[in-house]
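> coords please:
(chains A, B, C and D)
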Number of protein chains: 2
Amino acid sequence: MSLMPPWKIEKSERTRSAIEDAARQLFAERGYERTTIREIAALAQIDPALVIRYFGSKDELFSLVAEPDLQLPNLSAIAPSRIGEALVRHFLDMWEGGSGMPILLRSAASNASAAQSLERIFARQVFPVIASAGEPSTAPQRAGLVASQLLGLALTRYILKLPPVVALDRDTIVREIGGTIQRYIGQSPK
Amino acid sequence: MSLMPPWKIEKSERTRSAIEDAARQLFAERGYERTTIREIAALAQIDPALVIRYFGSKDELFSLVAEPDLQLPNLSAIAPSRIGEALVRHFLDMWEGGSGMPILLRSAASNASAAQSLERIFARQVFPVIASAGEPSTAPQRAGLVASQLLGLALTRYILKLPPVVALDRDTIVREIGGTIQRYIGQSPK
DNA sequence: TCCTTTTGTCAACGAGCGTTGATTTACGAC
DNA sequence: GTCGTAAATCAACGCTCGTTGACAAAAGGA
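Below you'll find the model as predicted:
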């Protein structure tokens, strides 16, 4: 058992996070199927066998790296007429920040477990907000419409990178898409 | 050179379309990467080598099958205030009809050529309609917003099959999403 | 019938994949 | 130095993939 000065990161930890970083980058760029363990290892500048040694299998590595840290904001404190904008801002931060969301969406179209993971996220992040903002009976319908717009924005902007969507500036997105969300939620269509 | 009675379909044509049908089904269900030539052959009940013989390669077969017959409707005859609804109806028909659209979107997230194909479709199908319905300078922005909503609907309803989106009935979609499109286009937000 | 063309089968190739187990290197503890 | 363990390497496995070329069967015209 080696005892290292705690201020110096253990070598194994550095390798571990090098693999994670490489995996995050490649999974996000190419999706699960087109990313190989050998490529991840090459980018992290280590041996392919180490990836298995540290993470068990390609699936386990993907699950770990694609598990987004969903820190949902306190939307209960937001004025009801501004929930749309707040939701859009929150999701823009999530997509552009270090969360695993782009990884998940890129693979969700052809990977069942990734799709399921996405579904869970929406069920926990947007559904409660929508449900608390109107009559409960129409909540699923309204949540579905919201999901279609938010995921469509993410798909076209961060995955497909359609030029006119990439070109939209943040303020425009918050205003326009936020307005749509607000309208779907059913609180003062603005 | 064989001359068969024209009312009797040549055997080769039946095999050819059996392969195409199997390919369409599997590509649509699993995407490009997860679909193998051997599976296509098994579903069509023929030898894997025949797939190559008839179509050259997996890529060529995919390109052929994923090329949607984009018969865009005559939207110039539609009342400007109803373009949103008309566009939504048109795209619902395209997705649910026999077009290759679901195949394309399922693979677009991890297949560059499929993504490019999708981009072309939107550039030719929705951009002209949007451009002709407002001042040209803001056309790209408005087209981007429209694309984000329409592709988001397709993604959540036909690819990810999120339950609340699948549950939406056609009239609700035409009304709600159509209204959003109309608002993005900028013609009388209804 | 024989011959030609079309259509289909079969076995195998080379390559790439995820994964494994044995082996070697690096390195702090004594 | 020497030892023991953690970290990293290496070669190879079994498998699946797309693709190929040689060969067999079927079909139609003469």
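> where does chain A dip in pLDDT?
A:1-11, A:70, A:72, A:187-190 (pLDDT under 70).
> ok, now with 90
Applying pLDDT under 90 to chain A picks out residues A:1-14, A:67-80, A:97-100, A:121-122, A:124-126, A:128-129, A:132-135, A:186-190.
> which helix in it has the most residues?
helix A:11-34 (DSSP state H).
> got phi/psi on A:Glu135?
Note on A:Glu135: backbone dihedrals following degrees, to the nearest 10 are phi -70, psi 140.
> how about the helices in chain A?
Using DSSP H, helices in chain A cover A:11-34, A:37-44, A:48-55, A:58-65, A:83-96, A:101-108, A:112-125, A:127-131, A:139-154, A:163-166, A:170-185.
> how far away is A:Ala131 from A:Leu150?
Distance, A:Ala131 to A:Leu150, using Cβ to Cβ, to the nearest Å: 16 Å. Bear in mind the C-beta positions are built from the backbone N, C-alpha and C, glycine included.
> A:Pro128 now?
15 Å.
> between these two, which is the more surrounded one?
Set A:Pro128 next to A:Leu150 and count neighbours by other Cβ atoms under 10 Å in any protein chain shown: A:Leu150 wins out with 26 against 15.
> give me the number of residues near the closest residue in space to the more buried one that isn't next to it in sequence?
Closest residue in space to A:Leu150, ignoring its immediate chain neighbours: A:Phe91 at 5.6 Å, by Cβ to Cβ, 6 or more residues apart in numbering or on different chains. If you count neighbours by other Cβ under 10 Å, A:Phe91 ends up with 21.
> my guess is A:Phe91 contacts A:Ala154, does it?
Yes - contact criterion Cβ atoms under 8 Å: A:Phe91 and A:Ala154 qualify, at 7.3 Å.
> how about the residues of chain A near DNA strand C?
A:2-4, A:35-39, A:48-49, A:51-53, A:57-59 (Cβ under 7 Å from any atom of the strand).
> of those residues, grab the buried ones for PyMOL.
Written as a PyMOL command, the selection of buried residues from the residues of chain A next to DNA strand C, which uses 16 or more other Cβ atoms under 10 Å in any protein chain shown, is:
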select buried, chain A and resi 35+37+51+58
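> which of the residues of chain A next to DNA strand C sits closest to A:Arg14?
A:Met4 (11.8 Å; Cβ to Cβ).
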